[in-house]
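K.L.:
could you work out the structure for the sequence below:
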Amino acid sequence: MRVVGFALVAIVVLALLVAVHRYVWRRLVGDTTAPGSPWRRAGTIAVYALPLLSIGALVSGRTGTPFRLQQVLAWPGFLWLAALLYLTFALLVGEAVRPLLRRWLARRTPAGPAPEAQAAPASLPAPASLPAPASLPAPEPQPAPEPEAAPEPAPVPGDPSRRLFVARAVGGAAAVAGLGTVGYGTYGVLRGPRVKRVTVPLARLPRSAHGFRIAVVSDVHLGPILGRSHTQRIVDTVNRTQPDLIAVVGDLVDGSVADLGRAAEPLARLRSRHGAFFVTGNHEYYSGAAQWVDHVRELGLRPLENARVELSGFDLAGVNDIAGESEGQGPDFARALGDRDRSRAVVLMAHQPVVIDQAVEHGVDLQLSGHTHGGQLWPGNYIAELSNPTVAGLDRYGDTQLYVTRGAGAWGPPVRVGAPSDITVVELASRQA
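P.N.:
Model (predicted):
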C-alpha cells in the first residue's frame, strides 16, 4: 500500500508540474512570440530543459553522482524551481490585470471610424448664365477635386496587435517581478546570514550566569552550491559576536566528508570562551552521520550525541536527530537528561522543534532548534506550520521555552524570500538578578 500511495503522489506531482510548465510557456512564450521565431524556439527548448535539470539536481546527491556534476546541475536546476514558483505567482496576478488593461486600451482608442460629415444641403439651381462679352475669353475648365481619403478604421477590441501588446506587457512585468524576487532572495543567501539577538530569562539560571551568550547556528547546508566561502562568512560573523558558547544545531552538510570536508574546514577557526558544540540534523543522516561526527570533532567542535555537559551556571545537553532512528541512533532524552541535578537550569540542543514535548517532560528550560528555515520560500512558512510547533522565533510550552532559528544557509534553491537567514545570539537572563 505504501508503494501504491507513493506512486499516486508522484503521478499527481508530475501532472501538476507538467500543467504549470505548460501554463508558464503559454503566457511567456506562446502568447508573446511568433510561430517559428528564434525567441519561441529558445523558450520552448528552455521549458523542456530546465525541469530536467531540476530533477537532476534533486536526485544527483542521492545517487552517487560525481560531485562536479552535482555542482553543474545544482545552480540552474535549483534556481529554476524557485523561478518557476514566483513566475507562476506573478502570472496568476497578471490574469487579474489582463482584462483591466484591455478595458483601459479600449477607452483610449475610438471604437470605429469617425462618422461622416453631414451632407451639405442641395444648392439651388444656378441662374442661367449670361453670354460672356466678346472681349473676354471663356474660362478654362477646372479639374474636379480628388475625393478625400477615407480615415483608417480604428482597431476593434479583438485586434491581434492589441492582444499581443497586452500579452507582452503582462508577461514582461511578471518576468521582471518573478525573476527579480528570485535574484534578491539569492543575494540574501550568498551575502551570508545576519545576526539576530534574543534575550531569554530562565527561572533556574543563577546570577553568576546572567548575560551568558550562546551563538546558535543551524542549517548551514554545505553542498554543491554553498561551499567553503559560505562557511568562512559564517565563522567570521559568529566570531564578531564574541559569544560565550557556540551551538551548531544540525544540518551542517548535504554531502559526504570526501566531497565537503574541505568546505567545512573554516569551522576550526570558531572562537568562544566555552567552545563549540554540535548535534546532528536529519541531513547528516543522508550524508554519513558517523563520519561527519568524527570530522567536526577533528575540527574542534564537541558533538553531543544524547549527552550532557555541566557548565558554570547551567547544563548543556544535546540529542541526536529523529532521522537517526532509522540507524538506531535516534534521540535518547533519558540518556541525555535522566540523571541530572533538577535544581540546575538546562539548555537543550535538538535540531527539530517537534521534540519539544519530550523536552517539556524532562524539565528542559530552553530548547534550541532549527530545521524549518522559517519556511525559506514564501508561502512555505504556512506549509512549515503544519508539521512544526514553532517555525521561527521564541515560544513557550509549559515551563519550557523553544527558540527556532531560521538557519544560516538554504536547502535546494539558494534563495530565501520572506525568511532571511540568521545567526542568533541568545542571551540568557537570570530572574534572580
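K.L.:
now for the longest helix seen in the chain, which elements pack on it?
P.N.:
Longest helix in the chain, counting residues (DSSP state H): helix 67-108. Packing partners of helix 67-108 (3 or more CB pairs under 8 Å, 6 or more residues apart in numbering; DSSP states H and E): helix 2-25, helix 38-60, helix 160-191. Where you see a C-beta, it was placed from the backbone N, CA and C, and this is true even at glycine.
K.L.:
indicate which one of those is closest to Leu252.
P.N.:
Leu252 lies closest to helix 160-191 among the helices and strands packed on helix 67-108, at 16.0 Å (CB to CB).
K.L.:
tell me the buried residues in that closest one?
P.N.:
By neighbour count on 16 or more other CB atoms under 10 Å, the buried set for helix 160-191 is 162, 166-167, 169-171, 174-175, 177-179, 181-182, 185-186, 188-189.
K.L.:
what do you get for stretch 44-62?
P.N.:
Val47, Leu50, Pro51, Leu53, Ser54, Gly56, Ala57, Ser60, Gly61.
K.L.:
gap between the fourth one and Leu69?
P.N.:
This means Leu53. 11 Å (CB to CB, to the nearest Å).
K.L.:
for the helices and strands packed on helix 67-108, give me TSV that also has distance to Arg269 and mean pLDDT.
P.N.:
Formatted as TSV, the helices and strands packed on helix 67-108 follow (distance: least, CB to CB, whole Å; pLDDT from 0 to 100):
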stretch	distance to Arg269	mean pLDDT
helix 2-25	42	86
helix 38-60	31	94
helix 160-191	20	94
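K.L.:
Thr231: which of those helices is closest?
P.N.:
Taking CB to CB, helix 160-191 is the member of these nearest to Thr231, at 13.0 Å.
K.L.:
could you point out which element follows the closest one?
P.N.:
Proceeding C-terminally, helix 160-191 gives way to strand 194-202 as the next helix or strand, assigned by DSSP states H and E.
K.L.:
what helices and strands are in contact with that following strand?
P.N.:
Partner elements for strand 194-202 (3+ CB pairs under 8 Å, 6+ apart): strand 400-404, strand 422-430.
K.L.:
pull up the pairing partners for the longest one, direction included.
P.N.:
Looking back up the chat, that one is strand 422-430. strand 194-202 (parallel), strand 213-217 (antiparallel) (DSSP bridges).
K.L.:
now do the first one: distance to the chain's middle.
P.N.:
For strand 194-202, the separation from the chain centroid amounts to 25 Å (computed by CA atoms, centre = their mean, to the nearest Å).
K.L.:
begin at 44 from now on, thanks
P.N.:
Yep, numbering from 44; the last one is strand 237-245 now.
K.L.:
next, the buried residues of it.
P.N.:
Neighbour-count burial for strand 237-245 [16+ other CB under 10 Å]: Lys239, Val243, Leu245.
K.L.:
need phi/psi at the residue nearest to Ala218 when sequence neighbours are not counted.
P.N.:
With CB to CB, 6 or more residues apart in numbering as the measure, Leu71 is the residue that lies nearest to Ala218, at 6.4 Å, once sequence neighbours are left out. The phi/psi pair for Leu71 (degrees, to the nearest 10) reads phi -90, psi -20.
K.L.:
what's Leu71 in contact with, if anything?
P.N.:
Gly86, Leu130, Leu134, Gly214, Ala217, Ala218 (CB atoms under 8 Å, 6 or more residues apart in numbering).
K.L.:
next one, pLDDT for it please.
P.N.:
Here the pLDDT value assigned to Leu71 is 95.
K.L.:
could you measure from it over to Trp123?
P.N.:
13 Å.
K.L.:
same check on Phe320?
P.N.:
Using CB to CB, one obtains 37 Å as the distance from Phe320 to Trp123.
K.L.:
buried sites along stretch 272-289?
P.N.:
273-278, 280-281, 284, 286-289.
K.L.:
now intersect these with the strands, please.
P.N.:
Secondary structure assignment by DSSP state E places Leu288, Ile289 of the buried residues of stretch 272-289 in strands.
K.L.:
for the buried residues of stretch 272-289, which one is nearest Arg250?
P.N.:
Asp287 (15.4 Å).
K.L.:
circling back to that earlier point, could the strands paired with strand 465-473 go into a markdown table alongside mean pLDDT and distance to Met392?
P.N.:
Shown next, in a markdown table, are the strands paired with strand 465-473 (pLDDT from 0 to 100; distance: least, CB to CB, whole Å):
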| stretch | mean pLDDT | distance to Met392 |
| --- | --- | --- |
| strand 237-245 | 98 | 14 |
| strand 256-260 | 98 | 9 |
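K.L.:
between those strands, which gets nearest to Thr443?
P.N.:
So among the strands paired with strand 465-473, strand 237-245 is nearest, using CB to CB, at 10.4 Å.
K.L.:
so what angle separates the directions of that closest one and strand 443-447?
P.N.:
Relative orientation of strand 237-245 versus strand 443-447 (axes from the mean of the first three to the mean of the last three CA atoms, to 10 degrees): 180 degrees.
K.L.:
can you list contacts of strand 237-245?
P.N.:
With contact meaning CB under 8 Å, 6+ apart, strand 237-245 is reached by 280, 283-284, 357, 388, 408-409, 437, 444, 446, 448, 463-474.
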